[in-house]
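J.: 3D model of this:
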Amino acid sequence: MIVVADTSVILNLCCVGQQELLPLLFGEIFIPPEVKHEFERASRAYARFAWVAVPAWIREQRPVSVPSSLQQNAHLDAGEIAAIALALELAASALLIDEAEGRQAARRQGLTVIGTLGVLVRARQSGLLQAIAPILDQLEHQANFWIAVEIRAEALRLVGEAG
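T.: Got it, this is the predicted structure:
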């Protein structure tokens, strides 16, 4: 399986020590150079990410071209645009992305999107994690990752942790 990732999913999973779930769940993970630069910028700019690095097993690849519909979307950043373009070129099974505008743009291009919580749900359902509730707490407190109450409840319900 080939998966392309935007910055946030990898960065936040690295922050809570769960980045190794990605190759276990998806196999090959690709990022464009723009995502690598955003990741490195965040690790320099924010104390909560100061010790994280792009995992060595991630493959960096530049998209050959970018659809004009993406270039003209003022709501997307360079990493999102490049990640969507690369996912299209590689006919990726999924794009790992959290931001709402990026997810919408990717879906309009026909891509399957999976966010950070989707990764954790899949990992729990695959038996790679005992529970996701503690990791959700870590994401909120260590990574300052905002999770809507209803989204958190749905993720916990999906893995049988709803109380």
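
J.: ok, A143 - how many residues close by?
T.: 20 (other C-beta atoms under 10 Å). Backbone N, C-alpha and C define where each C-beta goes, glycine included.

J.: so E80 makes contact with A5?
T.: No - using C-beta atoms under 8 Å, E80 is not in contact with A5, being 10.9 Å away.

J.: Common neighbours of those two, please.
T.: I97 (C-beta atoms under 8 Å, 6 or more residues apart in numbering).

J.: Quick one: list the elements packing against the least confident helix or strand in the chain by mean pLDDT.
T.: The helix or strand of the chain with the poorest confidence is helix 68-71; it has a mean of 78 (mean pLDDT, DSSP states H and E). Under the contact criterion of 3 or more C-beta pairs under 8 Å, 6 or more residues apart in numbering; DSSP states H and E, helix 68-71 touches helix 78-89.

J.: what lines up beside the helix or strand following the helix it packs on in the sheet?
T.: Once the chain leaves helix 78-89, the next helix or strand it forms, by DSSP states H and E, is strand 94-96. When pairing is defined by DSSP bridges, strand 94-96 lines up against strand 2-5 (parallel), strand 113-114 (parallel).

J.: which of those sits most buried?
T.: strand 2-5 (a mean of 25; mean count of other C-beta atoms under 10 Å).

J.: can you put the strands paired with strand 94-96 in JSON lines and add distance to L129 and mean pLDDT?
T.: Listed next are the strands paired with strand 94-96 as JSON lines, based on distance: least, C-beta to C-beta, whole Å; pLDDT from 0 to 100:
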{"stretch": "strand 2-5", "distance to L129": "18", "mean pLDDT": "97"}
{"stretch": "strand 113-114", "distance to L129": "15", "mean pLDDT": "98"}
